[in-house]
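Engineer: here is my input; please provide its structure:
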Amino acid sequence: MGSERMLLVILMLAVGCQGQQHIIKNEADTMKFIAKQRYVNSYQAKAEELQAAVDELILTPLMYSEVLEPEIDAVKMTALTKTPEPTSTTTNLPTTEVANVTEYSTFVTIVTNYTTMNVTEIPTTMTPKHSSKCQKDLGTFQLDLLKEEHYALMMIDSYGKLPPGLLQGDIQFWFGLYDECLNQSRKIDDGQDNFKAEYCIAGLYSGKTKLPSIGICVPDSCSNSDLMEILGPKKPSSLLFVSYVICNKVPEYSTAAIICLIFLSFFGLMIISGTIYDIWKRQQESRHDGFERLAEDHTDEHSVNVTPTTNGTKPNTDTSHGHESVKITARSVGLFGNILLCFSLLINGSKILKTKQGEQSLGALNGIRVISLCWVMLGHTYAFTLTLFRNSTQIINVLSRFTFQAVGNATFSVDSFFFLSGLLVTYLTLKYLQKHDGKLNWLMFYVHRYLRLTPVYMMVIFIYTTLTPHFANGPLYQYVFDPNPPPGVESQATYCQKYWWTNLLYINNLYPSSIAEECLGWGWYLANDMQFYIISPFVIYLLYHYFFVGVAFWSALLIACFGSLIGMSIKYDVTTSAFAQQTDQQALGGGKIYVQPWTRISTYLVGMAVGYILYKYKDRVRMPRYVAIMGWMAATGIALAVVYGLYGNFHGNPLNEAATVIYTTLSRFSWAVALGWVAFACSTGYGGPVNSLLSWSFWIPLSRINYCAYLLHPIIMYVFYYSLPNMIYFTDLLLVYFFIGNIVLSYAAAFILSVSIEAPFMALEKLLLNRDKSV
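Structural biologist: Okay, here's the model as predicted:
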């Protein structure tokens, strides 16, 4: 009990240091702080005692089995009881007493890379007594450890141990050496069973408080339940106990994973067949080559659109982008041929990579879209690694930098997407209504949107749930992706097994109630966007036919959003600080206020307003130069105030309650207003160099795969971060390197996903539903 108390005291000391890290400037301050804590807590904060407590709780039960009965071999005993001279760094492990067993003590010094420990009272030969295979192998391992077998020494060396840097926050995971453990195996011909080593994570808890998770190395015959029987709490009132054990076993391919592989194989076969068929048809119909031929637009949406002629002759495909036409007859192509061409890599790839757009397109939106997603990735690069930093207290200093405010407030990048979505759906739908005398098939309006987003979305979830556990391995990888975790432990895979259907219905921002339990947690944005899209026709139709009624309805939605933000800010005591200071507080990025549609619709409504203005006045705007300059100055000032306005929170000047409510209510709306000016000015000829940058043709291919990049980039980050063998030591340069790598890999993977899954489904929808290009 004393060691358990000491462990808690030392951990409390380490946690306490996190909150006060900014006052520790040098080594002298650190020593003064530690000395002060010793007097306050009346316990000496010795790292050695913390390690001893962990050894007593985890290492000792694995080294001393209570179900093994010793049979003494006198010759071996004589050889083993030779006692080396102890060193000054020797630590005595506690003695385990076994009832009715004659104890023979030996004294063996085991030298590892990090610690030297004395192991006592391990019998030389052991016969299992009603023991499991795991317990038998543990007994063999114990004996081999006594004999100083190399593999056993390496296994014990790989155990997680007290790391340096407690005062810098290294109290989350003590991994040990993952690869060193897995590289060990017993290969001794002595009549005992041989085995391989496996790596496990044992989670320590005190009550409901999570303490460090420790890496352990055991025989591969041990399962999670076997180890919990040995390490689990022996008494319900245990102050300190092991709550779970997760072993890093290679998961078997489940039925769902096999089905997913079959689906992917089918798509691969269709892609190969469609590409070969496309090449053959090109050779048959034309001898011309070159990139312009590869960029041939068989249809407006990646597929071949066969249009019958009025005189009954052979139909043809006509392109609309100025490229040379390829005549493809219905008799020679047919429905099956068109379906194959929907999967052609040449058609889909060239369609994505070409950099030409129609004259009426809003080119600046491509740059805004891509830059916003890079901003999302920047925020996630830091957010997803927070729990993996060895020096997590350094984050406090980083967050307080003025230059870091753009990273800490990267959540506004999502509001950019809401703004763009509202703008485009309003602008394109109004243009369509104008062209078709105010008529639109509203049912197909919804069907098209659902089919546009859902197939690739569901495929990503399918892959994420079933195949991601097989992508990599690492100390924490099974902990995060284990499809069959031990009781009481949830993983990303189990969340998707439970709640994938909420993503299919686009209600995952409403159920489950916690964003941490969502399948594909970043899918909350898609749920909000779909919900906004569902109500958008009511606003668009009214604006087109009954302008003032439409404005009134738009205003009512905006007021409702503001009202909900004010009410929730007061109810949940929302704080603009990076982290909630009290348990009953809610941070501005907390799930109760961050993912709800009634708190996020304001930016979508601003986008709809700008879309309507562009529809009405895009080619008729004339303004004096000074007005344009004033507009740019106002937009810049608003954007900077929103992003950098919370700088005082980190320097003793936090917002008061009233200012917090105002910021919570108006910040995202204000960001959308500033972005609205950028879109308006660039689309009406007043963008200047900003428009030149945002309309750069480089953004066009990237913008076409932006959706797939959004879906994939967190998965790429998770697989990389959680397969690392060690914790991350935060430095600015390292995170910049991670960020650049995340961007490159995300867009590369997005291109593959888009050309193989997204584009074929878009083409099939166009072909089978005979849909005109609209919205």
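
Engineer: show me what contacts Gly408?
Structural biologist: Leu399, Ala578, Leu646 (Cβ atoms under 8 Å, 6 or more residues apart in numbering). Bear in mind the C-beta positions are built from the backbone N, C-alpha and C, glycine included.

Engineer: can you list contacts of the strand or helix carrying Trp554?
Structural biologist: Assigned by DSSP states H and E, Trp554 belongs to helix 547-571. Helix 547-571 is contacted by residues 535, 538-544, 574, 586, 592-593, 596, 598-602, 605, 608-609, 660-661, 664-666, 669 when judged by Cβ under 8 Å, 6+ apart.

Engineer: sorry, back to before: I'd like the contacts of Gly408 laid out as a markdown table, including pLDDT and secondary structure.
Structural biologist: Formatted as a markdown table, the contacts of Gly408 follow (pLDDT from 0 to 100; DSSP: H, G, I helix; E, B strand; the rest coil):
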| residue | pLDDT | secondary structure |
| --- | --- | --- |
| Leu399 | 88 | helix |
| Ala578 | 72 | coil |
| Leu646 | 92 | coil |
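
Engineer: now, which of the residues you listed sits nearest Tyr729?
Structural biologist: Within the contacts of Gly408, the smallest distance to Tyr729 is 17.5 Å, found for Leu399 (Cβ to Cβ).

Engineer: where's the closest one relative to Ala383, distance?
Structural biologist: Note on Leu399: its distance to Ala383, by Cβ to Cβ, to the nearest Å, is 12 Å.

Engineer: about what we covered before: flag every buried residue along the helix holding Trp554.
Structural biologist: When neighbours are counted by 16 or more other Cβ atoms under 10 Å, the buried residues of helix 547-571 are found to be Gly550, Phe553, Trp554, Leu557, Leu558, Cys561, Ser564, Leu565, Met568, Ser569.

Engineer: buried ones in the strand or helix carrying Ser692?
Structural biologist: For Ser692, the element it lies in under DSSP H and E is helix 688-694. Buried residues in helix 688-694, counted by 16+ other Cβ under 10 Å: Asn691, Leu694.

Engineer: who does that helix touch, helix- and strand-wise?
Structural biologist: If contacts are counted by 3 or more Cβ pairs under 8 Å, 6 or more residues apart in numbering; DSSP states H and E, helix 688-694 sits against helix 364-383, helix 657-683.

Engineer: and the angle from the longest one to helix 364-383?
Structural biologist: Here helix 657-683 runs at an angle of 140 degrees relative to helix 364-383 (axes from the mean of the first three to the mean of the last three Cα atoms, to 10 degrees).

Engineer: by contact count, what packs against the longest helix that the chain contains?
Structural biologist: Counting by DSSP state H, the longest helix found in the chain is helix 255-285. On a contact count with 3+ Cβ pairs under 8 Å, 6+ apart, helix 255-285 meets helix 330-341, helix 345-353, helix 442-466, helix 759-769.

Engineer: those helices: which one's closest to Leu204?
Structural biologist: Ranking these by their distance to Leu204 (criterion: Cβ to Cβ) puts helix 442-466 first, at 29.2 Å.

Engineer: which strands or helices does that closest one pack on?
Structural biologist: Under the contact definition 3+ Cβ pairs under 8 Å, 6+ apart, helix 442-466 sits against helix 255-285, helix 492-504, helix 524-545, helix 706-721, helix 732-753, helix 759-769.

Engineer: what are the buried residues along the last one?
Structural biologist: By neighbour count, and taking 16+ other Cβ under 10 Å as the criterion, the buried residues in helix 759-769 are Ala759, Pro760, Phe761, Met762, Ala763, Leu764, Glu765, Lys766, Leu767.

Engineer: avg pLDDT for that helix?
Structural biologist: The predicted model assigns helix 759-769 a mean pLDDT of 93.

Engineer: can you check the fourth one too?
Structural biologist: Averaged across helix 706-721, the pLDDT comes to 97.
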